[in-house]
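**Q** Sequence first, predicted coordinates after that:
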Amino acid sequence: MEYSNNRKIHKITLPVPGPIGSVHIYLIEGKEPTLIDVGIKTEEAWKSLIEQLENLGYHPCDIKHIVLTHHHADHVGLLDRFPDDVKVYGHFKMDPWISQETTLYKQFDSFINTYRIIYGIPENFQNKLLNINDSLTLSCKRSLTNVVSEGDEIPSIPDFKIIETPGHSSTHICLYRERDGLLIGGDTLIQNVFLNTMLEPPALGETQRPKLLFQYNESIGKLKNLPIKRILPGHGQEIVDIHALIEQQFKKQKKRMKRVIKVLKEKPQTVFEVCTKLFVGFYEIQFLLALSETVGILDLLEQEKQIEMNCLREKWVYQISE
């Protein structure tokens, strides 16, 4: 894939433990080579990265700039393995996550402990919630050197502009090249994946959890209005029909909203109860993903005043609005 001045973008696929399986990161050639994301912190991923870079004529020490699309471990974990002088770019909300800011992670633990009660999650499912300590071992512990926001450029790849796309995470960014409509999309849009938001605690200094499905809808709406020709994603196949994929996303979302209304017409129910009926079978395999999407759908329905929430014996119970 030609970049400019005969430079190329190379896709590097690295292994990820568990159901995710793999992640795509991207090397952009140039006088100062740039990596978009770095992969998860495992020896297998590191060895694979070294081997693939060498096949392209590079070594990790040759990388001068790293751009992180978001803070999830499968995208940032290997950051610790790169030299101290590499410049690291990311959204300003990312730094507490990748530097493992103690206050944020204590807040995360408190968030999980509170919400497992109010969502009505039974004890035998509580261990299926994200174990933050396990995820930290696969992430990095390093700070950004440069903060980026909407419209910014990375010096080594000036053809690309930063687009803020919160939703999959509160820290998510994409890189857009206007001249040919190329988007390096991280995890914002992935072919055949329709559960794409993850519960997060409030950001440092904030008191409300981010309503990421609201943000996600706004972000993909923003992308829909750009003349994007293709997307290089963090997982799965290259995307060449962005509008069809976005339309599928919204149709699936509307279908789930209707399903939740049908479920709540039977009787008022907790978040967990709705989750088990919205994602029959799947919730037992990927509980955090199913729970996150359920919360997002309930947020949307509550915003539209189709449903309302009452607190009953420390649990949130949702019902059809009167």
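**A** Ah, there it is. Residues are numbered from 1 along each chain as shown.
**Q** Would you mind listing the buried residues in stretch 220-235?
**A** Using 16 or more other CB atoms under 10 Å as the test for burial, stretch 220-235 gives 220, 223, 228, 230-235. For every residue, glycine as well, the C-beta is placed using N, CA and C.
**Q** which residues touch residue 321?
**A** 305-308 (CB atoms under 8 Å, 6 or more residues apart in numbering).
**Q** and it, how far is that from residue 303?
**A** According to CB to CB, to the nearest Å, residue 321 stands 12 Å off from residue 303.
**Q** Looking at stretch 236-256 now, give me its mean pLDDT.
**A** On average, the pLDDT along stretch 236-256 is 94.
**Q** Distance from that stretch to the middle of the chain?
**A** In terms of CA atoms, centre = their mean, to the nearest Å, the centre of stretch 236-256 is found 16 Å from the chain centre.
**Q** Out of the buried residues of stretch 220-235, list just those in strands.
**A** If you go by DSSP state E, those have 230-233 in strands.
**Q** quick one: which two of these are the most distant?
**A** 230 and 233 (9.9 Å; CB to CB).
**Q** Give the residues shared as contacts by the two.
**A** Counting by CB under 8 Å, 6+ apart, the contacts common to residue 230 and residue 233 are residue 239.
**Q** any residues touching the one helix or strand residue 317 maps to, and which ones?
**A** Here residue 317, judged by DSSP states H and E, is contained in strand 315-320. Strand 315-320 is touched from outside by 117-120, 261, 264-265, 267-271, 274, 298, 302, 306-311, with contacts defined as CB under 8 Å, 6+ apart.
**Q** residues of stretch 48-58 that come out buried?
**A** In stretch 48-58, counting by 16+ other CB under 10 Å, buried: 48-49, 52-53, 58.
**Q** and which of those residues is nearest residue 82?
**A** Comparing the buried residues of stretch 48-58 against residue 82 with CB to CB picks out residue 49 as the nearest, at 10.1 Å.
**Q** now that closest one, what's its secondary structure?
**A** helix (DSSP: H, G, I helix; E, B strand; the rest coil).
**Q** Would you confirm that it contacts residue 12?
**A** Yes. When contacts are counted by CB atoms under 8 Å, residue 49 is listed as touching residue 12 (6.6 Å).
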